[in-house]
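Colleague: missing the sequence, but the structure's below:
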Ligand SMILES: [Zn+2]
């Protein structure tokens, strides 16, 4: 066996995947070749380190998968730690720098993830605002009229946009108050409608469809050419849609389909 052949088998040797014949053949070479022996030691140390780091990290499985996929190291779904570390090792030595980067990311990202408390999508943060309003933690400015409330909210964002408005009078639901909140530096206009044992909160802010939650159920209104994203959390239903650069999220205790109809009925083409 020459060095080139030996190097090809080193990873498999470390992983204990060689046949008896291959194994004794490469071991004979390693005994005679200090350079291949050293490559073997490095490979073994690397595998040990990876297993140690993998075991000590509590990053969510999705995050790990995303890191590995983003760096082109993992084209397929990884199911287990031993699975992905073995998979990544098989690319060695070509991806050793990339692999070092992955190790760094695996250690750093969970920390960044924990240190940034408000890194959740804005659409989910909106649901938290809803809960705070319901719990009285956020006080609403009472609406003397919908126009007065809209003018106040529009002034709060320097006239850059206005709250999206809904005519729910036919359902005996009407605007009762509003607020201006800020999430991740973005101002959000909040209008609360109540009546008939229902509550609908409308969140209006500048954004893109990137702000929609990833697990939403989408439907496309072909007439209006608007995509609606329906999602729910803790018993509340929500519908997200975009008109130009303005995002509207409706959050309500009404059934999901009815809420979707409200969002679709009032949206502009
Ligand atoms: Zn050699």
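Modeller: In hand now; what should we look at? Computed from a predicted structure; not experimentally measured.
Colleague: the helices in the stretch 101-250 of the chain, which residues?
Modeller: With helices called from DSSP state H, counting those that start in this stretch, the stretch 101-250 of the chain shows them at 122-134, 146-156.
Colleague: which positions in the protein make contact with the ion?
Modeller: 3, 6, 33, 36 (C-beta under 5 Å from the ion). The way it works is simple: take the backbone N, C-alpha and C, and place the C-beta from them, glycine included.
Colleague: can you list the buried residues in the top helix by length along the chain?
Modeller: Assignment by DSSP state H gives helix 34-56 as the longest helix of the chain. Neighbour-count burial for helix 34-56, counted by 16 or more other C-beta atoms under 10 Å, picks out 36-37, 39-40, 43, 46-47, 50, 53-54.
Colleague: poorly predicted segments of this protein, please.
Modeller: The model of the chain has pLDDT under 70 over residues 54-105, 107-120, 268-269.
Colleague: now do the strands in it.
Modeller: 141-142, 174-183, 186-195, 198-206, 217-221, 226-233, 236-243, 246-252 (DSSP state E).
Colleague: are any of the residues of the chain next to the ion buried, and which?
Modeller: So, by 16+ other C-beta under 10 Å, the buried ones in the residues of the chain next to the ion are 6, 33, 36.
Colleague: mind listing what the first one touches?
Modeller: If I follow you right, that is residue 6. 26, 29-30, 33, 36 (C-beta atoms under 8 Å, 6 or more residues apart in numbering).
Colleague: which members of those residues are the farthest-apart pair?
Modeller: Spatially, the most separated pair among the contacts of residue 6 is 26 and 33, at 10.0 Å (C-beta to C-beta).
Colleague: which residue packs closest to the residue in the stretch 151-269 of the chain positioned nearest to the ion, ignoring adjacent ones?
Modeller: Proximity to the ion, evaluated over the stretch 151-269 of the chain using C-beta to the ion, is greatest for residue 214 at 49.0 Å. Excluding its sequence neighbours, the residue lying closest to residue 214 (C-beta to C-beta, 6 or more residues apart in numbering) is residue 121, at 7.7 Å.
Colleague: quick one, what contacts the one you found?
Modeller: Residue 121 makes contact with 211-214 under the criterion C-beta under 8 Å, 6+ apart.
Colleague: next up, phi/psi of residue 254, please.
Modeller: Residue 254 adopts backbone torsions of phi -80, psi 160, taken as degrees, to the nearest 10.
Colleague: from residue 142, how far out is it?
Modeller: Separation of residue 254 from residue 142 (C-beta to C-beta, to the nearest Å): 23 Å.
Colleague: these two: who's more crowded?
Modeller: Legend: neighbour count by other C-beta atoms under 10 Å for residue 254 and residue 142, higher for residue 254 (21 against 11).
Colleague: would you confirm that the more buried one contacts residue 200?
Modeller: Yes. Residue 254 lies in contact with residue 200 (C-beta atoms under 8 Å); the separation is 7.0 Å.
Colleague: what is in contact with these two at once?
Modeller: Common contacts of residue 254 and residue 200 (C-beta under 8 Å, 6+ apart): residue 262.
Colleague: re earlier: tell me the gap between the longest helix of the chain and the middle of its chain.
Modeller: Here the centre of helix 34-56 is set off from its chain's centre by 33 Å, with C-alpha atoms, centre = their mean, to the nearest Å.
Colleague: which one of the helices of the stretch 101-250 of the chain lies nearest to residue 250?
Modeller: Residue 250 sits nearest to helix 122-134 of all those, at 9.8 Å, using C-beta to C-beta.
Colleague: which neighbouring elements make contact with that closest one?
Modeller: strand 174-183, strand 186-195, strand 198-206, strand 226-233, strand 236-243, strand 246-252 (3 or more C-beta pairs under 8 Å, 6 or more residues apart in numbering; DSSP states H and E).
Colleague: adding mean neighbour count, write the ones you listed out as CSV.
Modeller: CSV is the format used below for the helices and strands packed on helix 122-134 (neighbours: other C-beta atoms under 10 Å):
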stretch, mean neighbour count
strand 174-183, 18
strand 186-195, 21
strand 198-206, 22
strand 226-233, 19
strand 236-243, 22
strand 246-252, 25
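Colleague: about what we covered before: now the helices of the stretch 101-250 of the chain in a markdown table, with mean neighbour count and distance to residue 265?
Modeller: Below are the helices of the stretch 101-250 of the chain laid out as a markdown table (neighbours: other C-beta atoms under 10 Å; distance: least, C-beta to C-beta, whole Å):
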| stretch | mean neighbour count | distance to residue 265 |
| --- | --- | --- |
| helix 122-134 | 19 | 21 |
| helix 146-156 | 16 | 17 |
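Colleague: many thanks, we can stop here.
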